[in-house]
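S.K.: Sequence first, then the predicted structure:
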Amino acid sequence: MAKPFYVTTPIYYVNDAPHIGHAYTTLACDVLARFKRLDGFDVKFLTGTDEHGQKVEKSAQAAGIEPQAFTDKVSQNFRDLADFMNFTHDDFIRTTEARHRTACQDLWRRLVDAGDIYLGSYAGWYAVRDEAFYGEDELTTGPDGKKTAPSGAEVEWVEEPSYFFKLSAWEDRLLAFYDANPDFIAPRTRRNEVTSFVKGGLQDLSVSRTTFNWGVPVPGDDAHIMYVWLDALTNYITAVGYPETADGAYARYWPADLHMVGKDILRFHAVYWPAFLMAAGLAPPKRVFAHGWWTNEGQKISKSLGNVIDPIELVGKYGLDQVRYFLLREVPFGNDGDFSHRAMVNRMNGELANDYGNLAQRVLSMIAKNCDGRVPEAGALGTDDEALLEQAGGLLGALREKMDAQAFHEALEAVWVVIRAANAYVDAQAPWKLRKEDPARMATVLHVLAETIRRLAVTTQPFMPEASSRLLDQLGVAAEARDFAAARPLEAGQALPKPEGVFPRFVDDEDGA
Ligand code: ME8
């Protein structure tokens, strides 16, 4: 039976339209999910929407719609974006679904039974934008006297009866858990941040609210609804059938292999979530990866600055596979990155159109013209031929390692090392010169190149599914020979369709790029 692999995105607040940040997180998971499927894993890839809480309730009020109708509408925009981006999630969860309410209430009961929840009252600061509680010492006071959280979100004073989770009791057990699982938090710098936060001392966490009611009712006390983060985090187990834990999906997929999140929400995933789970007697996830944030032409992205990047517009301008490639190639995954038109066009024209596209186009048109449109026959191979094939053959092994580390930029760099080597081989072998002098040698060179491109296209499928599939079509590779285990070398004599370019250049009127 195939090995399970469970990967999740954060569930997105339905207070707003989806933007590039949402597309980015889900893209990273999609590429990983596709890679693992091609590599024979039984993948479960989850995304969805976070629909409760004060922030969503306020947005619904502002729109003059009931919260349920509002979330139905906005959640659909996230689904549409996922389809538009060619994402291959297996489930799309909404926290307003009945299955989720059942899971949340069950988890709550387990926490109560474990003695980790008590009734008290909360008096302190709350940021609706972050749906987070803050201590006085974390806040900054502006010239107007307004207090803000480290995220820049405005805070308000809240006083209400509240249930608390005994987070303070989990400090040592969390630190022991991080120690025993050195790969639990990635990248490493983030791991250090989290451990120092926990070492700094944890306070009990308010886990219910009473001043509004858009949420999951606390079992046995209808005056309270669950804190939206406890509700939201639970989605990861709802989707694998929790509270049923004995067999089925939970037993198969939990603990999740990876929660992918932005750096802004690491604390919730790496501190609160494992503490809730351990308290409930459930296993914590295996890994949480916190990626960086995008800026737009050097500026922080914000609605008030009016520079929010709409992924649909971006794709309309540059193309889907181009955007998918750029986002994962431009910055080391985990670091912050800047989106700029110039950088996008450079990658698109330099790496996709020139390096990869030209390689395929040159080789496939030479085959169409000089080899009767069929995969040419290879004669005896020389050292250069073998060296290139070996390099292309080693790619998959290298990629497995990079993907398991979520080093997408390094995975793509490894692919480009082979693309550059193949281009250098074309120039050195000059097959066009061999056409008259030595047609058999020309056939060998073109065979080696076509085989190299096949291997490249198989490995670029997770990143650029559309373009890679068109390349594989042009190489006559059958649909069932595209996953890693079934991939097999090209067969001489196989008829090929007419070649066509798959990576167009971006022609820029503004600056003549
Ligand atoms: O936090 N660059 O939802 P959310 C990169 N509902 N990624 C960005 C980004 C940017 N400029 N802006 C946002 C929530 N993101 C909660 C999650 S999970 C149980 C609950 C991404 O709609 C990044 O992944 O605010 C961040 O973590 C996510 O959007 C936050 O989405």
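M.R.: Perfect, thanks for sending it.
S.K.: Residue 57 contacts residue 211, doesn't it?
M.R.: No: counting by CB atoms under 8 Å, residue 57 does not reach residue 211; the two are 10.6 Å apart. Bear in mind the C-beta positions are built from the backbone N, C-alpha and C, glycine included.
S.K.: which one of these two has more residues nearby?
M.R.: More neighbours surround residue 57 than the other of residue 57 and residue 211, with 21 against 12 (other CB atoms under 10 Å).
S.K.: Just list the residues touching that one, thanks.
M.R.: Residue 57 sits next to 67, 212, 214 when contact means CB atoms under 8 Å, 6 or more residues apart in numbering.
S.K.: List only buried entries from these.
M.R.: 67, 214 (16 or more other CB atoms under 10 Å).
S.K.: could I get the contacts of residue 57 as JSON lines with secondary structure and distance to residue 297?
M.R.: Listed next are the contacts of residue 57 as JSON lines, based on DSSP: H, G, I helix; E, B strand; the rest coil; distance: CB to CB, whole Å:
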{"residue": "67", "secondary structure": "helix", "distance to residue 297": "36"}
{"residue": "212", "secondary structure": "coil", "distance to residue 297": "38"}
{"residue": "214", "secondary structure": "coil", "distance to residue 297": "37"}
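S.K.: and the contacts of residue 57 as TSV, adding distance to residue 436 and pLDDT?
M.R.: Below are the contacts of residue 57 laid out as TSV (distance: CB to CB, whole Å; pLDDT from 0 to 100):
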residue	distance to residue 436	pLDDT
67	75	96
212	81	93
214	77	97
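S.K.: what's the closest of the contacts of residue 57 to the ligand?
M.R.: residue 214 (14.0 Å; CB to the nearest ligand atom).
S.K.: check contacts around that closest one.
M.R.: By CB under 8 Å, 6+ apart, the neighbours of residue 214 are 52-54, 56-57, 60, 67, 225.
S.K.: With secondary structure and distance to residue 274 as added columns, please give those in JSON lines.
M.R.: Below are these laid out as JSON lines (three-state DSSP; distance: CB to CB, whole Å):
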{"residue": "52", "secondary structure": "coil", "distance to residue 274": "22"}
{"residue": "53", "secondary structure": "coil", "distance to residue 274": "22"}
{"residue": "54", "secondary structure": "helix", "distance to residue 274": "25"}
{"residue": "56", "secondary structure": "helix", "distance to residue 274": "25"}
{"residue": "57", "secondary structure": "helix", "distance to residue 274": "28"}
{"residue": "60", "secondary structure": "helix", "distance to residue 274": "32"}
{"residue": "67", "secondary structure": "helix", "distance to residue 274": "30"}
{"residue": "225", "secondary structure": "strand", "distance to residue 274": "23"}
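S.K.: Generate a PyMOL selection restricted to the buried entries among these.
M.R.: Only the buried entries of the contacts of residue 214 go into this PyMOL selection, using 16+ other CB under 10 Å:
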select buried, resi 52+53+54+56+57+60+67+225
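S.K.: Pull the most distant pair out of the contacts of residue 214.
M.R.: Longest distance between any two of the contacts of residue 214 is 15.1 Å, between 60 and 225; criterion CB to CB.
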